[in-house]
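> what follows is a predicted protein model with its sequence.
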Amino acid sequence: MEQQKHKPHRQSQSRATADKTNGKGGAPTSFNEKAFAPRSGRRADRQARRTAERDQTRLHVPLVNRTPDDDPPPVIVAIVGPPGVGKTTLLKSLVRRFTKQTLQRAQGPITVISGKRRRLTFLECNNDLNSMIDIGKVADLVLLLVDASFGFEMETFEFLNILQSHGFPKVIGVLTHLDLIKKTSTLRDTKKALKKRFWAEIYQGAKLFYLSGVLNGRYPDHEIMNLSRFIAIMKFRPLVFRNSHPYLLADRMEDLTPREEVRLSEGKCDRRIILYGYLRGTNLQQHSKIHIPGAGDFTITSSTRLEDPCPLPNIGSEKLRKLSEKKRLIIHAPMSDIGGVMYDKDAVYVDVPGTFAKGINEAPLGEGERMVFALQDASTTLQEVTSNKPIRLLGTSTSGLATGEVPTQTDQGWESDSSRRDSDSTLSDLEDTSADAYETDDLSERRSMKSIPPASPTEYDRRLYFAGSDSDDSEENVSQENSANSVTGDSPSNDDPEISENDLDDAPRWKCNIGTTTLTKCGSGARPSRIDWFKLVYSSALTPTQILQGAARVDPPDAEDDFFVPVPGGGQIVEQQDATKEPSIVNSNERWSGVGALDTIRPQFITGLGDSSDQRRGSEEPDVEGNFEDLEPNVDGGDSPSTIQLAKKESLRRKFDELYEDPGASGKGFYDERKEEMAKQSALNREEFQSLDENMRAAVQGFPPGSYLRIEVERAPCEMVENFDPTYPIIVGGLLAAEERFGFVQVRLKRHRWFSRTLKTNDPLIFSLGWRRFQSAPIYSLDDHSVRMRLLKYTPEHMHCYATFYGPVSLPNTGFCAFNSLTPESKGFRVSATGVVLDIDRSAKIVKKLKLTGVPCKVFKNTAFIKDMFTSALEVAKFEGASIRTVSGIRGQVKRALPKPDGAFRATFEDKVLMSDIVFLRSWTAVLPRKLYNPVTSLLLSDKSSWAGMRLTGEVRRSEGYPTPSNANSTYKPIARTDRHFNRLKIPRKLQGELPYASKAKVMRPQGKATYVQRRAVVLEGEEKKAIALLQQAKALRKDQIMRRRQERDRKASVRKRIAEKEVLEKEGRKKRSKQEHLRTAGIKRKRDIESDERSQRQRI
Amino acid sequence: MTAPTDSANAPLSFSGHEHFRHRLVLSILSGRPVRIDKIRSADANPGLRDYEVNLLRLLERVTNGTVIEISVTGTAVLLKPGIIAGGPVTHECPLSRSIGYYLEPVIMIAPFSKKPLDLTLKGITTDDKDLSADMIRTVTLPHLELFGISDGLELRIKKRGSPPLGGGEVQFLCPVIKQPKTINFVDPGKIKRIRGVSHAVRVSPQFSNRMIEASRSILNEFIPDIYLYSDVYKGNESGKSPGYALTLLAESTTGALHCSEAISEAGATPEDIALQSTYSLLTEIEQGGCIDRLHQPLVLLYMVLGSEDVGRCVMSEPTARTIQLLRDIKEFFGISFKIAPHQGSQSNPPELLFACYGTGYVNANRSLA
């Protein structure tokens, strides 16, 4: 058989590759060190500086990351985009890529394992602005989907603005529907245009993925693989707000309210709900305050750490090279339809989709099925129904069955029931009585414990002092406590002391005497050396002085025996004062003046001689941090002289280094030092409480981020459960101590330049600040020459201004964004303003200008009496010395109130004022924001996007049909100013005659006769005539020329006008065509949406 | 829906007049209202004392928006805290307690105010119940430096005033911080120097020298580095009543401070006072720990208010005030301390290691505008 002839490989034409393959150019096999060496010293200097500068730009401010590295919580990947863009498809594709499972319904957070050290929680965001806000606050990574065939939509930009004001998380753009663009050049141009816009919005070089068409209801596998690889290796920088607050994204919610209570209140009672989720951010204390955006503030009733439902694969086996296929299949999505088994603290739920379970299939039901479902909806019991209404056997029968017997029967039933219960209790009583002797079940044991009288004081103290020392005993306690709790369902912290107290009685007899014997051995004053201070301080009922005095426990007076209890000391109580200094120890003089007493503390001084180890500790370089552990081998124990020599040398060298090296030259700059410090602190954080048991650790430290928590919340509104919708995220945000308070919050605010209207003072605005979303009424202000904060009626254009509103306090530097309305109906861009919190206070110093006006009632020379400015002498007294001014600009001062017209006062001016002048006083009046705080309770609504808060005044007027009130004096009218007519000044002739010449009116009469110039005749001569005729002709010529020029210009103008009109017509035509095109694509998109909806419905069916 | 304010507005209740100051301070810092009832209700003279009412007035002045309601009998107080405002404040203290009584709670809240505090207090500067002005200047303020509060922190003693008539005046300047530093203070070190201030007003200036002599006679045995200053105030600056006192302070190699003080009593010579002070300093040193016993509450409180990291500090056994403060901190902030014997402790009742996880308390009052 002949060898098959292959086509030879085409040689590369590019020069570099060609050189390499041919070996012509002598391709460098090794790095040539001289190649980049600087040629001159100056150049070397410049290069070094450039490298240093580049290194500096790489650095970021070191931030402590509170998320533990060893077991971090899953990364929240939010999939955001407008409807119909392919979010669910992407979610399903990603989940399939990671777990090889196909989801039918993807709802709520879905947690999968993506690698040895990373889990991902996928979360799809619906098109509601409320969800977008909440998800923007918790998402670590956002996959921003954009329909390439349509372009960016307003929601995308709104979401980006929300992200920006809440600490920008990482964003990856994903372009979908690229297969709809058929033409290659259009595709290329679209990609380029969208990328440019995306980069402008995020940052230059932001990652953008392209997903082409859908195959089998998923995106192409290789594209999804690329995207998933990118997600799996992404690094995150901690965001300041999330790094200082604990929070969790609830992936499950249970309602634990007793069913009977719900039934009796017809579902309107407050609920006890349980939320499950991974803790993120910082540590969560057991009973801290939380805020659930959309629902309100709550206090955690109890919180427990549960076993991780989706554990990282590295637990147990350290050396896993790669994720095994089996580990990959784990998926935790309680709100979707997978798994079906859920673990709670004390129960396991198995979801069995039975035939008659509601809400499983939306397929049309048969009549029988509907009947069964209708039975499930019954809100009352049969007993209630029968007691209220007579039973009718048939629908047509007129009179009901006589139910006279029925109640008695039911009564009997109850009686029998209760009697059975009674017998039960008597049985348990019997058991109780025998409980001292026999081992019984936990419940009865617990009851019996309560009946036992309190332990004797010595035993009690022994428990306190030896609680930590005896491990067997304490273990026993814990196990018993646990079992008791699991039966009764009590929280462990409630009756802790009681139980442990009672448990003591079960201890063997030989143990009971230990306390007393040791106490007697140690003597009355001395205490046993091991004292469990934690228990003494936190879980004993002793007062601090009792604790310090040791065994001296005060016996409670027998209150039952004596009605009147004598006050010790007969009313003359020696008052215990709140003094810092304790009364000086009386016997200290004897204590220290004894022989050799001073020597006992000599080792505590640097001059004192202690034991050898002590000496070393004292003489070594003092370290304020103090947590350096000497890692070098024990020098004292070393036997070979060489090691001693080495150690000596080493220590000498260290001393030398310390002396002569400046700290900057050690290669560690500020940055490295800071990082080292942070690493040290976080190592300490990890190790300090590791030795404690689980419960104590939770008490001291709280729960660390990454733990899967079960959080119980009391008094949740019933609507939260009734209107629960898994597509809306439930976020549990922990609150800091300051954030529970209310006050006036001053923020720096800027109206968004895409928001079409200005914002008006006192109009309600919806803020998204911290975890909360709430409506408040801000007032805007500007700093007026650093003298005052002056009220603004409207926000300024293109400028920051201050806003002050009443609401929950947030720490300064927290960003926020504001909206006028959250409903999808509101047109245009909905983010109305963004800003940052500056200041928190209980009062606001905003003023607005107030002009008080008055008129003179009597004018003297420079003094005038002014009325109508004030109403009483008291008011005048307040303004004494205030500067006033007339409209004509004469300045003056308020002097003193006048007795007669109430509120009138004497004022002096720099000049005489007219009676017709208006006098005004410019003053400033304080304005306080209205105390409106209206939390956005969108989670409680059945239609969650339709939350409507307080309306604007204008909106209320429009909807109610009220006219806008208008002050007649404030309307603008045409100002009619009549001409002032001055009569002629007539001076009597007699008077005129007597006036001196200077004062006489000098009236000139008009000239009566024609003057010489008017009268004379002009005769032209020949030359002159000619000249004039010539001038006339020249003028006529010029006139004609101008006229012709004008005509020409008009003609040209009319031509231009014609052309312009034609162009306008053409432009309109183009516009019309493009509009048609746009509408056509929109129509196609809508059609496609409908189709996809139908398809998904079909799939569900 | 649950009103957002109902949980925040529910006041914490306490009974009794003891630990009054701690509870007020914790309330102001945490922002939670507090109700204290049964204040000396069984006493022949029930209700708040004048100095307690005066303290409430001072706190009202230092803060903004604080609401204080005192019942008709004076046996119950409701405090709804506002924000800590700071700024210049002048306050007249009654003669029943010294300035230390007022300064101690103010020091706890002052770094978290809106503006740097400039507080002038007038009254008694040294008495036997509370920290004297000298002690606060030389011991309490250095303790604050552990937490990064140092720039602009100062206490100026302008006039001294001894009981019973007082007439002293001090000026306390405190800067504003964002967050106290987390401390990790586990090495008590060795005592390396001893300092002291002895003052005598309206008595013979020889008294202060006699006290110094007597004290040195004992302390010289331990260490050579001893400086005891004789602080002389004359004329108008020396207040209205005669008195003298000796304040001693021992500093270790790692910066741990221990202090003691004794003030003049009727029928005691200056030498007696000096010996009393010296011996109690020795007792204090014997107790060990990195923190002076009188300052345990201050340090523990600042540890709680630190960032969300583990702070550690070695102390001697807690005093009654400390124990109650720990319990109250748990009520207000939900934080408990890990209290364990310190490894490598030398003293006989072993030193204790207090470790806690800070609440991440940030000074929300600080203004950026």
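Nice, thanks for sending it over.

> tell me the contacts of the nearest residue to A:Phe909 once chain neighbours are set aside?
Closest residue to A:Phe909 apart from its sequence neighbours, by C-beta to C-beta, 6 or more residues apart in numbering or on different chains: A:Gly892 at 3.7 Å. Every residue, glycine included, has its C-beta placed from N, CA and C. Counting by C-beta atoms under 8 Å, 6 or more residues apart in numbering or on different chains, A:Gly892 makes contact with A:864, A:883-886, A:907-910, A:913, A:919.

> narrow those residues to those that are buried.
A:864, A:884-886, A:907, A:909, A:913, A:919 (16 or more other C-beta atoms under 10 Å in any protein chain shown).

> for the residue in the stretch 1-150 of chain B that chain A sits nearest to, grab phi and psi.
Closest contact between the stretch 1-150 of chain B and chain A, by C-beta to the nearest C-beta, is at B:Gly65 (2.7 Å). Per-residue torsions, B:Gly65: phi 90, psi 10 (degrees, to the nearest 10).

> relative to whichever strand in chain A runs longest, what are the paired strands and their orientations?
Counting residues, the longest strand found in chain A (DSSP state E) is strand A:846-859. Using DSSP bridges, strand A:846-859 pairs in its sheet with strand A:788-792 (parallel), strand A:863-867 (antiparallel), strand A:919-927 (antiparallel).

> which helices and strands sit right next to the helix or strand following the longest one?
Same thing as strand A:919-927. The helix or strand immediately downstream of strand A:919-927 is strand A:934-935, counting by DSSP states H and E. Secondary-structure packing of strand A:934-935 (3 or more C-beta pairs under 8 Å, 6 or more residues apart in numbering or on different chains; DSSP states H and E): strand A:772-776.

> what does the strand it packs on contact?
Applying C-beta under 8 Å, 6+ apart, the contact partners of strand A:772-776 are A:130, A:133, A:291, A:293-294, A:764-767, A:805-808, A:822, A:929, A:932-936, A:938, A:949-950.

> of all the buried ones among the contacts of A:Gly892, which two lie farthest apart?
A:Ala864 and A:Arg885 (12.6 Å; C-beta to C-beta).

> joint contacts of those two?
In contact with both A:Ala864 and A:Arg885: A:892, A:919, using C-beta under 8 Å, 6+ apart.

> list the contacts for the residue of chain A at minimum distance from chain B?
Nearest residue of chain A to chain B (C-beta to the nearest C-beta) works out as A:Arg842 at 2.7 Å. By C-beta under 8 Å, 6+ apart, A:Arg842 lies in contact with A:743-744, B:64-65, B:82-83.

> can you turn the buried part of the contacts of strand A:772-776 into a ChimeraX selection?
The buried residues among the contacts of strand A:772-776 can be selected in ChimeraX (16+ other C-beta under 10 Å) with this line:
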select /A:130,133,291,293,294,764,765,766,767,805,806,807,808,822,929,932,933,935,936,938,949
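
> which one of the strands paired with strand A:846-859 lies closest to A:Thr102?
Nearest of those to A:Thr102, taken as C-beta to C-beta: strand A:788-792 at 57.2 Å.

> contacts for stretch A:187-204?
With C-beta under 8 Å, 6+ apart as the test, stretch A:187-204 has contacts from A:146, A:148-149, A:151-152, A:157, A:160, A:171, A:173, A:175, A:178, A:181, A:205-206, A:208, A:210.

> mind giving me the ChimeraX select for the residues you listed, buried ones only?
Buried subset of the contacts of stretch A:187-204, written as a ChimeraX selection, criterion 16+ other C-beta under 10 Å:
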select /A:146,148,149,152,157,160,171,173,175,178,181,206,208,210
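
> if you look at the contacts of stretch A:187-204, which of them are in helices?
A:157, A:160 (DSSP state H).

> tell me which of the contacts of stretch A:187-204 fall in strands.
Per DSSP E, the subset of these in strands is A:146, A:171, A:173, A:175, A:208, A:210.

> among the residues you listed, which pair sits farthest apart?
Largest separation among the ones in strands among the contacts of stretch A:187-204 by C-beta to C-beta: A:Val171 and A:Tyr210, giving 15.8 Å.

> how about the residue nearest to A:Phe744 when sequence neighbours are not counted, what does it touch?
Once flanking residues are discounted, A:Phe744 sits nearest to A:Ala844: 4.8 Å by C-beta to C-beta, 6+ apart. When contacts are counted by C-beta under 8 Å, 6+ apart, A:Ala844 touches A:744, A:746, A:779, A:789, A:804, A:926-929.

> please repeat the previous calculation with a cut-off of 6 Å.
Listed by C-beta atoms under 6 Å, 6 or more residues apart in numbering or on different chains, the contact set of A:Ala844 reads A:744, A:804, A:928.

> wait, the first one touches A:Asp839, no?
Right, A:Phe744. No. If you go by C-beta atoms under 6 Å, A:Phe744 and A:Asp839 don't touch, sitting 8.6 Å apart.

> any low-confidence regions in the chain?
Going with chain A. A:1-3, A:15-30, A:314-328, A:337-365, A:376-530, A:551-576, A:583-588, A:609-640, A:661-667, A:1100-1101 (pLDDT under 70).

> try again with chain B
B:1-9.

> helices of that one, residue ranges please.
Using DSSP H, helices in chain B cover B:6-9, B:20-30, B:50-62, B:99-109, B:133-135, B:141-145, B:206-219, B:270-287, B:296-304, B:320-333.

> pick the most deeply packed of these.
helix B:133-135 (a mean of 27; mean count of other C-beta atoms under 10 Å in any protein chain shown).

> so how far is that helix off the chain centroid?
Relative to its chain's centre, helix B:133-135 lies at 10 Å (C-alpha atoms, centre = their mean, to the nearest Å).

> contacting residues around that helix?
Against helix B:133-135 from outside (C-beta under 6 Å, 6+ apart): B:99, B:125, B:157, B:170, B:197, B:247, B:259, B:261.

> ditto for stretch A:747-755
With contact meaning C-beta under 6 Å, 6+ apart, stretch A:747-755 is reached by A:759, A:795, A:800, A:803, A:829, A:831-833, A:835-838.

> can you flag which of those residues belong to strands?
The strands, defined by DSSP E, take in A:803, A:831-833, A:835-838 from those.

> most neighbours of all these, which one?
Neighbour tally across the ones in strands among the contacts of stretch A:747-755 (other C-beta atoms under 10 Å in any protein chain shown): the maximum, 28 neighbours, falls on A:Ala803.

> show me how the chain divides into domains.
All of this refers to chain A. Annotated domains of chain A cover A:75-233, A:736-844 [automatic domain parsing].

> um, chain B though
Following automatic domain parsing, chain B resolves into domains at B:191-287, B:292-357.
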